[in-house]
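**Q** generate coordinates for the sequence data below:
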Amino acid sequence: MAKRRFCSFSNLRIREVVPVYFTMLAVFMILLVASLQGPSRQQKSSFPYQVPLDPQGSLQLYWNVSYSEKVVYFRILIKDLKFGLIFGMSDRGDFEDADMAVLWTNELGSFFGDAWSDQKGQLHMDSQQDYELLNAQQSQEGLYLLFRRPFATCDPKDYLIEDGTVHLIYALLEKPFSTLSSIDVSAIKNRGLQRVQLLKPDLPIPRLPADVLNMEVRAPQVLIPAKETTYWCHITELPKDFTKHHIVMYEPVITKGHEAIVHHIEVFQCASNYYTIPRYDGPCDSKMKPQSLNSCRHVLAAWAMGAKAFYYPEESGLAFGGPDSSRYLRLEVHYHNPLELKGLRDSSGIRLYYTSTLRRYDAGIMEVGLVYSPVMAIPPGQKDFLLTGYCTDKCTDRALPSNGIRIFASQLHTHLAGRGVSTILVREGKEAEVVNADGHYSPHFQEIRMLKKAVHVLPGDVMVTSCSYNTEDRKNITVGGFSITDEMCVNYVHYYPRTDLELCKSMVDPGYLQKYFHMVNRFNSDDVSTSPNTTVTKQFQEVPWNSFSAGVLKSLYSFAPISMHCNRSSAVRFPGEWEKQPLPQINEKLPSPPATCPAMDPAKSKGPTLVRLLQ
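**A** So this is what the prediction gives:
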């Protein structure tokens, strides 16, 4: 196919031949002119973001974002093209109810078209062609496809590209198809999904200081297990007498050839109250892992596929080293090896750039959201169960400086049931702005994300963090806690100047939860133990879960008083009354952003585009 010309249509009729011919001619002339002129100014002939789509790395996606046009430019390298490609987006990475760009071939040639799939996975040509093909060019590496897509199209069949995680889907066609509708997506073997943040913020790159140094925290030639998912932990340590420095930037270091397997990497600093941390190099979930590794939770760096280097604002840096800082670091590498490849040795990690010339502000990391407690729980069989945690006005008024803090980055976090996370800033009872939100959140794609603009948080402000969960595949209760089968709802906000406030989270008042268990017993013959010696987890496990018991629990979380954890770095609460606190009152919600759709080009409703390869 690589050297074949493409010129065919689906469902040809005689009366359509003439207008189709002229449409083909017009498309060819556009492509010819584009090939002579090169990429347009808007394309910038530069694609700063790249990610492999498939585990073999045979499909490479490059992209750029034009905020002025509200358009994403895509460039895909297909190294071994046979009879076509499906590329698209869907809510959770499914091939059903998906928005797709399809390149397919029949006995006469090939076409590029905007399509969608229904709930059964059946493909349909979209009446509004919003994936716009710009170029198709053969090279020594393979076929390059260049196309673009607006963020929003106002086409109900199209995916809305917005901030947060985007689930990309791909499939390689192994045989020709006479029409687009004849493609059976369920029968395609070479297909999959990749998660990225498409709408990267367009921020200037801060200058690095002249005396910047770097160190690499890397896996020590790990033999990647031949299984789909592995979290590998490695303990390393800073040099003795390592004085206080500021981290000003970090970037990934990926072993060559493993770009499609190394899914994400994090570096944590261990708690300073542990004088020593045992050396460990092995799976993070191993029973042989020393218990003290659980104290290594202070995030220094986090990277995920598709992310570029992370820079701190020029006026701040993340402090590490010095007498009050642990020398021990924990590296965590997530290997995604769905092909279960064997014999791969990996030394991927993070390169930290740091300076001894301290900047004006220490950057800090604060946890907002829910306390890791079993009192916050998700019943089984729930499609969209919401839990909300608060950083209250009382806490921010007590702990923040008079000029407030500026949040410049954020890392949202749940465990496996999480589907959406958001943190909203509330001022004087009104939602003021979104700190960070991801409506398509995946626990398998977590990275520290720079905010498009810093969020200024003042004393007396409230931060409301909400998480939605799906437990339709679970038969038992899911409680809050540290285990991967438990749940969390946290936003690690990165800010400056650093304060002593490290944790600003809430949970439902335990006394009100006991009232819930007593009420359940009134309707279910005392099935739930209310003995003070019975754990909350055990009580939840005894609840007969149905729409009533789940609905009442959801209602309880929406009105019951909360217990606030307004904690210093030492884990001691700030002075004050923190139990049985009323929920913050929110009287005014943020308005929904208006839908801005590009002007409709009548040519976009003409159907698929003729593809002609340019050598």
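**Q** OK, contacts around residue 151?
**A** Residue 151 is in contact with 70, 71, 72, 160, 161, 162, 199, counting by Cβ atoms under 8 Å, 6 or more residues apart in numbering. Yep, even glycine has a C-beta here, placed from its N, CA and C like the rest.
**Q** just residue 312 next, same as before
**A** Counting by Cβ under 8 Å, 6+ apart, residue 312 touches 206, 246, 247, 248, 249, 318, 359, 363, 408.
**Q** mind redoing it with 7 Å?
**A** 247, 248, 249, 318, 363 (Cβ atoms under 7 Å, 6 or more residues apart in numbering).
**Q** pLDDT score for it?
**A** On pLDDT, residue 312 comes in at 95.
**Q** show me the beta-bridge partners of residue 298.
**A** residue 269 (DSSP bridges).
**Q** gap between it and residue 271?
**A** Going from residue 298 to residue 271 by Cβ to Cβ, to the nearest Å gives 7 Å.
**Q** over to residue 408?
**A** 25 Å.
**Q** thinking again about what came up before, and the buried ones among the contacts of residue 312, selectable in PyMOL?
**A** Here is the PyMOL command that selects the buried residues among the contacts of residue 312 (16 or more other Cβ atoms under 10 Å):
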select buried, resi 247+248+249+318+363
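**Q** identify the farthest-apart pair in the contacts of residue 312.
**A** Checked with Cβ to Cβ, the contacts of residue 312 reach their widest spread between 249 and 363, with 12.1 Å between them.
**Q** where exactly do the strands run in the stretch 401-550 of the chain?
**A** Here the stretch 401-550 of the chain has its strands, by DSSP state E, counting those that start in this stretch, at 405-413, 418-427, 430-438, 449-457, 462-469, 478-479, 490-496, 501-508.
**Q** residues in contact with the shortest one?
**A** Strand 478-479 is touched from outside by 374, 377, 378, 417, 471, 486, 487, 537, 540, with contacts defined as Cβ under 7 Å, 6+ apart.
**Q** correct me, but the last one touches residue 477?
**A** The one in question is residue 540. Yes - shown here, residue 540 and residue 477 form a contact pair, counting by Cβ atoms under 7 Å, at 4.3 Å.
**Q** which of the two has more neighbours?
**A** Neighbour comparison, residue 540 and residue 477: the larger count goes to residue 540, with 23 against 20 (by other Cβ atoms under 10 Å).
**Q** quick one: that one and residue 311, what's the gap?
**A** Using Cβ to Cβ, residue 540 is found at 44 Å from residue 311.
**Q** same thing with residue 577?
**A** Distance of residue 577 to residue 311, given as Cβ to Cβ: 41 Å.
**Q** list the contacts of residue 243.
**A** 321, 322, 356.
**Q** highest neighbour count among those?
**A** Greatest neighbour count in these, by other Cβ under 10 Å, goes to residue 321: 20 neighbours.
**Q** which residues touch it?
**A** So residue 321 contacts 238, 242, 243, 244, 245 (Cβ under 7 Å, 6+ apart).
**Q** does residue 506 touch residue 566 like I think?
**A** No - judged on Cβ under 7 Å, residue 506 makes no contact with residue 566 at a distance of 9.3 Å.
**Q** between the two, who's got more neighbours?
**A** Between residue 506 and residue 566, counted using other Cβ under 10 Å, the more crowded position is residue 506 (29 against 23).
**Q** beta partners of the more buried one?
**A** When bridges are called by DSSP bridges, residue 506 pairs up with residue 370, residue 564.
**Q** thinking again about what came up before, so if I had to pick from residue 408 and residue 271, which one is more boxed in?
**A** Higher neighbour count among residue 408 and residue 271: residue 408, with 20 against 16, using other Cβ under 10 Å.
**Q** mind listing what the more buried one touches?
**A** Here residue 408 is in contact with 313, 450, 451, 454, 494, 495 (criterion: Cβ under 7 Å, 6+ apart).
**Q** got the domain ranges for the protein?
**A** If you go by automatic domain parsing, the domain ranges for the chain are 2-200, 213-362, 386-568.
**Q** so residue 215 sits in a strand?
**A** Yes - looking at residue 215 with DSSP: H, G, I helix; E, B strand; the rest coil, it is inside a strand.
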